[in-house]
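[1] pasting the sequence and the predicted coordinates here, then a few questions.
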Amino acid sequence: ESSGTVAGTLGTSLWYSYCSPGNYTANSSYEQSLKYLFSGLPQKVSSSSTLFARDTVNSDTEVIYAVAHCRGDANASACNRCVTEALHEADVFCAFKKAAALYADLCTVRFSNETLSWRSDVENFRDRMAIKVDSSDITDLEMGVNALYTAVTRMANSSHSFVSASEKIYAYGTSYEAYALVQCVGEMTHAECGRCLDHLRVSCSLAGQMVHRKATTWCSYRFELYNFFTGSPMVRLPPFTYRAHTGHRMKKKKLLILVAIGVGVLILILALITFFFFWRKQQKRNGRAKDRASEEDLLSAGDTDGAPGAPEENILSAKDIVKCPSAIVCFSEITKIARGKKILIFLDYDGTISPINDIPAEATIPSDIREAVQKAAELFPTSIVSGRRIEKLKNFVKLDNVHYAGSHGQEIVMSGEPVPSYAPVGIHEQRVTAATHYLEDGSSKIEGAIVENNKYAVSLHFRNVDQKDWTLVEKLVEDAKAAFEGLEMTRGHMVLELRAQTGLNKGTAVKYLINHILGKLGLDRSEVLPMYFGDDVTDEDAFEVLREKKLGFGVLISEEPRESKALYSLKNPLEVKRFLNELVEWRMSLEDLSSTAENDDEIVETSSRSSRLPR
Ligand SMILES: O=P(O)(O)OC[C@H]1O[C@H](O[C@H]2O[C@H](CO)[C@@H](O)[C@H](O)[C@H]2O)[C@H](O)[C@@H](O)[C@@H]1O
């Protein structure tokens, strides 16, 4: 069932739902049997002493299995209500699907035409993460949360199936109250509970994710920096103080420093020997290279003339947010920090890889830019992150080897996967559809206004509207916002948008994509260099994530200097194409270099980009 639909949102009690691909037809015996199953399940689970129930029912052709489980601190009526609502959501969002899994705060429900057991389901976990703590002491805080996790898990698999706990964590003068909850289905043995939890735990590191949860129907855990469960914590762990652990760390640190010094001296000696031989070769080459003047002078200018705002030591810590130097001029700085890392590329669509067009529906991507994106994606994991809905985006981009994040990062489809791996639940789409009709009606009298439904956001374009009518446009969007719940207004290039209030944006999408790509490649965040290219205000969320997490950098696409959280700039989509092509060429030349390293002279003779090759 891995190809099923997964939906999720922040802010509603149903935080994840998963519908399997198999369908049943209306009025079939499967539908009748499922309804029967649904009618008894809430009562069955809420009256069980372990707040867990299984049920089965025979349709004409198949057996349908269901399990439901409520959180250990829920009372019977809250449990009953939660399961009833989850099954109702299943009716709406997984209509006609033979199997589904629904994850709400207080309960999980799973039904299927295949038998259900924790072993067969353990791969089917769902997670929701948020990197909530933006401070330099995140590692120390993480240690506190890890300590809490270890203690609570140990308890859950030794004596209880439900454990809530809290702990005070002191890290560098700040005090955090951390809360944890771990639960297994009562019928599982302690060993099974332990294995189920271990499986959840190893499937993703806690690194940086202070606030997160993971669940299958059978076992789950959740961490928050606020008290989210009912009643007092069952266990109160002694305060975790980072400083108490520093003594041990210091010893380790000293040892590491000594080893590092030894290795350093050795490397220095080897480097001196290598340098001597290299210097002799270089003397010979200089004669031949003198008269080679080419475009590379421009591209490597940042090396020599100190381009304005060009970061000197570590480009990720540059402070100037107004003037972003050209990514083309600073190409050699960029490749310097990219060396040895996997580059991850994130591209906004409109204004970044597609030139601005007066008619949004006609803003296609030029074939040479598409070709550049495709080539880049063959070497670097690439994602297109846009305000447009994914269907439309895919239709324009027409590339299979990229990931897509649509509706301003609210919906995500990974490359090669037929269905979204992340999307808000349906109520948000319904609100946007209602607002779309409202805007269509209201704008029919405003000449030049164009309404565009982007699934979880609706755009009212005023690029072609006479300036005297702009106030009408703004008023219409404000009225629509007031008329429907759960929508927020944002602005872009000559466009006002009403976006579903999901807490998701291009920044959260970039975090999600980076986590998934890291997981897929088995890499650590220090091994990758994400670059995000975007032209609009909505891209600032992504620039900010990369800048503040010191993960990588943003590249602002703009003809004029503009205040931005991006670190570099490019003028227009043509420059984006050129940069991507340069990046591909650089990466390929590294490969060439390593395969012909023994014949260094030959490389110098034939490469027109010799100054950017690693020295
Ligand atoms: O995140 P993006 O991919 O940049 O999408 C943001 C909006 O882009 C589109 O509108 C913009 O481009 C249009 C075509 O060039 C232009 O006519 C319009 O003025 C721009 O705002 C798209 O139509 C919107 O739905 C996106 O939200």
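    Yep, that arrived.
[2] could you measure the residue in the chain that the ligand sits nearest to against residue 90, distance?
    For the chain and the ligand, the shortest gap (CB to the nearest ligand atom) falls at residue 387, measuring 2.6 Å. Quick note: C-beta positions are derived from backbone N, CA and C, even for glycine. Between residue 387 and residue 90 the distance is 30 Å, computed by CB to CB, to the nearest Å.
[3] so who does residue 588 touch?
    residue 379 (CB atoms under 8 Å, 6 or more residues apart in numbering).
[4] okay, and it sits in which element?
    Using DSSP states H and E, residue 588 sits within helix 573-595.
[5] pLDDT (mean, whole number) over that helix?
    Averaged over helix 573-595, pLDDT sits at 89.
[6] what helix or strand is the residue most central in space within the chain on?
    Nearest to the centroid of the C-alpha atoms of the chain, with distances taken as CA atoms, centre = their mean, sits residue 512, at 1.2 Å. Assigned by DSSP H and E, residue 512 belongs to helix 506-521.
[7] the closest residue to residue 390 other than its chain neighbours - how many residues pack around it?
    Distances taken as CB to CB, 6 or more residues apart in numbering put residue 406 closest to residue 390, at 3.6 Å, once the chain neighbours are dropped. Residue 406 has 28 neighbours, counted by other CB atoms under 10 Å.
[8] my guess is residue 406 contacts residue 395. True?
    No - Residue 406 is not in contact with residue 395 according to CB atoms under 8 Å; the separation is 11.3 Å.
[9] dump the residue contacts of the residue lying closest to residue 72 once chain neighbours are set aside.
    What sits nearest to residue 72 in space, not counting adjacent residues and going by CB to CB, 6+ apart, is residue 162, at 2.9 Å. Neighbour list for residue 162: 71-73, 156, 181-184 [criterion: CB under 8 Å, 6+ apart].
[10] mind giving me the ChimeraX command for buried ones among those residues?
    In ChimeraX syntax, the buried subset of the contacts of residue 162 is picked out as below (16 or more other CB atoms under 10 Å):
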select :71,72,73,156,181,182,183,184
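[11] among the contacts of residue 162, find the lowest-pLDDT one for me.
    The member of the contacts of residue 162 with the lowest pLDDT is residue 156, at 67.
[12] can you classify the nearest residue to residue 514 once chain neighbours are set aside by secondary structure?
    Leaving aside its chain neighbours, residue 514 sits nearest to residue 530 (5.9 Å; criterion: CB to CB, 6+ apart). When classified by DSSP: H, G, I helix; E, B strand; the rest coil, residue 530 comes out as strand.
[13] now residue 530: how far from residue 148?
    30 Å.
[14] the strands in the stretch 201-350 of the chain, which residues?
    211-215, 219-224, 235-236, 240-241, 342-347 (DSSP state E, counting those that start in this stretch).
[15] mean confidence for the third one?
    Per-residue pLDDT over strand 235-236 has a mean of 76.
[16] by contact count, what packs against that strand?
    Contact here means 3 or more CB pairs under 8 Å, 6 or more residues apart in numbering; DSSP states H and E; on that basis strand 235-236 packs against helix 138-156, strand 162-171.
[17] hmm, who's touching that strand?
    151-152, 155, 163-167.
[18] direction included, what does it pair against?
    Strand pairing for strand 235-236, determined by DSSP bridges: strand 162-171 (parallel).
[19] taking strand 219-224 as reference, get the angle to the strand it pairs with.
    Using axes from the mean of the first three to the mean of the last three CA atoms, to 10 degrees, the inter-axis angle of strand 162-171 relative to strand 219-224 is 30 degrees.
[20] continuing past strand 162-171, what's the next helix or strand?
    As assigned by DSSP H and E, the chain's next helix or strand after strand 162-171 is strand 174-184.
[21] report all helices and strands that that next one contacts.
    Here strand 174-184 touches helix 138-156, strand 162-171, helix 190-202, strand 219-224, going by 3+ CB pairs under 8 Å, 6+ apart.
[22] tell me what the shortest one is packed against?
    Using 3+ CB pairs under 8 Å, 6+ apart as the contact definition, the elements that strand 219-224 packs against are helix 138-156, strand 174-184, helix 190-202, strand 211-215.
[23] in JSON lines, list these along with distance to the ligand.
    Output for the helices and strands packed on strand 219-224, formatted as JSON lines (distance: least, CB to the nearest ligand atom, whole Å):
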{"stretch": "helix 138-156", "distance to the ligand": "29"}
{"stretch": "strand 174-184", "distance to the ligand": "35"}
{"stretch": "helix 190-202", "distance to the ligand": "34"}
{"stretch": "strand 211-215", "distance to the ligand": "27"}
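[24] on that earlier part again, weakest of the helices and strands packed on strand 235-236 in terms of mean pLDDT?
    Among the helices and strands packed on strand 235-236, helix 138-156 scores lowest, at a mean of 67.
[25] so what's the closest residue to the residue of the chain closest to the ligand other than its chain neighbours up against?
    Once flanking residues are discounted, residue 387 sits nearest to residue 408: 4.8 Å by CB to CB, 6+ apart. Counting by CB under 8 Å, 6+ apart, residue 408 touches 386-387, 454, 456-457, 490, 497, 499, 504-506, 509, 538.
[26] ok but residue 408 is inside a helix, no?
    No - judged by three-state DSSP, residue 408 forms no part of a helix; its state is coil.
[27] for it, what are phi and psi?
    Reported as degrees, to the nearest 10, the phi and psi values for residue 408 are phi 60, psi 40.
[28] what do you get for the one 5 residues further on?
    Residue 413 adopts backbone torsions of phi -120, psi 120, taken as degrees, to the nearest 10.
[29] quick check: bridge partners of the closest residue to it other than its chain neighbours?
    Leaving aside its sequence neighbours, residue 413 sits nearest to residue 404 (CB to CB, 6+ apart; 4.7 Å). Beta-bridge pairing for residue 404 (DSSP bridges): residue 384, residue 413.
[30] so residue 355 is in contact with residue 363, correct?
    Yes - judged on CB under 8 Å, residue 355 makes contact with residue 363 at a distance of 7.5 Å.
[31] burial count for the nearest residue in space to residue 422 that is not next to it in sequence?
    Excluding the flanking residues, the one nearest residue 422 by CB to CB, 6+ apart is residue 412, at 4.2 Å. By the measure other CB under 10 Å, the count of residues near residue 412 is 25.
[32] okay, residue 412: pLDDT?
    Looking at residue 412, its pLDDT reads 92.
[33] residues in contact with it?
    403-406, 420-423, 509, 512-513.
[34] element containing the residue lying closest to residue 500 once chain neighbours are set aside, please.
    Spatially, and ignoring its direct neighbours in sequence, residue 500 is nearest to residue 428 (3.6 Å; CB to CB, 6+ apart). Assignment of secondary structure by DSSP H and E places residue 428 within helix 426-443.
[35] off-centre distance for the next helix or strand after that helix?
    Next helix or strand after helix 426-443 toward the C-terminus (DSSP H and E): strand 450-453. In terms of CA atoms, centre = their mean, to the nearest Å, the centre of strand 450-453 is found 27 Å from the chain centre.
[36] so strand 450-453, near the ligand or not?
    Yes - Strand 450-453 reaches the ligand (CB under 6 Å from any ligand atom) through residue 452.
[37] neighbouring strands - and their directions - for that strand?
    Using DSSP bridges, the strands paired with strand 450-453 are strand 457-461 (antiparallel).
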